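Novice: heads up, no residue letters with this:
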């Protein structure tokens, strides 16, 4: 099914921005915990994950704004967004088991 416009980018952009906020919030929660190696790694992994969400947001924005290569930008935005979601889920599992 081919889309004539970049509808997916209109969903990726706000959701990526929201996920950046979630990453920042969890980083602040991790920073409030006693410092150890695991919290250090979770902190850095979430910072990298927020950069992935930022890249996804930027690509989806470019897909909306530019007239050429929009399908390619939208495809990369989607792939990076899904990868960042999977990464965030894995980080959440590690974080949850460390708290318990």
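Specialist: Nice, I can see it. These figures come from a predicted structure and were not determined experimentally.
Novice: where does pLDDT dip in the chain?
Specialist: Judged by pLDDT under 70, the chain has its weakly predicted residues at 1-6, 98-100.
Novice: spatially central residue in it, please.
Specialist: For the chain, the residue sitting closest to the mean C-alpha position, by CA atoms, centre = their mean, is residue 53 at 2.9 Å.
Novice: I figured residue 17 hits residue 57, correct?
Specialist: Yes - the pair residue 17 / residue 57 is scored as a contact, 5.6 Å apart, by CB atoms under 8 Å. All C-beta spots, glycine's among them, are computed from the backbone N, C-alpha and C.
Novice: between the two, who's got more neighbours?
Specialist: Neighbours were counted for residue 17 and for residue 57 using other CB atoms under 10 Å; residue 57 has more, 23 against 15.
Novice: identify the residue nearest the more buried one in space, chain neighbours excluded?
Specialist: residue 16 (3.7 Å; CB to CB, 6 or more residues apart in numbering).
Novice: show me the helices in this protein, by range?
Specialist: Along the chain, the stretches classed as helices by DSSP state H are 7-32, 37-65, 70-99.
Novice: now, of the ones you listed, which is deepest in the fold?
Specialist: When these are scored by mean count of other CB atoms under 10 Å, the highest mean neighbour count falls to helix 37-65 (a mean of 18).
Novice: just checking the distance from it to the centre of its chain.
Specialist: 5 Å (CA atoms, centre = their mean, to the nearest Å).
Novice: what's the burial count for residue 36?
Specialist: 10.
Novice: could you do residue 35 as well?
Specialist: Residue 35 has 10 nearby residues by other CB under 10 Å.
Novice: dihedrals phi and psi, it?
Specialist: phi -80, psi 130 (degrees, to the nearest 10).
Novice: brilliant, that's me finished.
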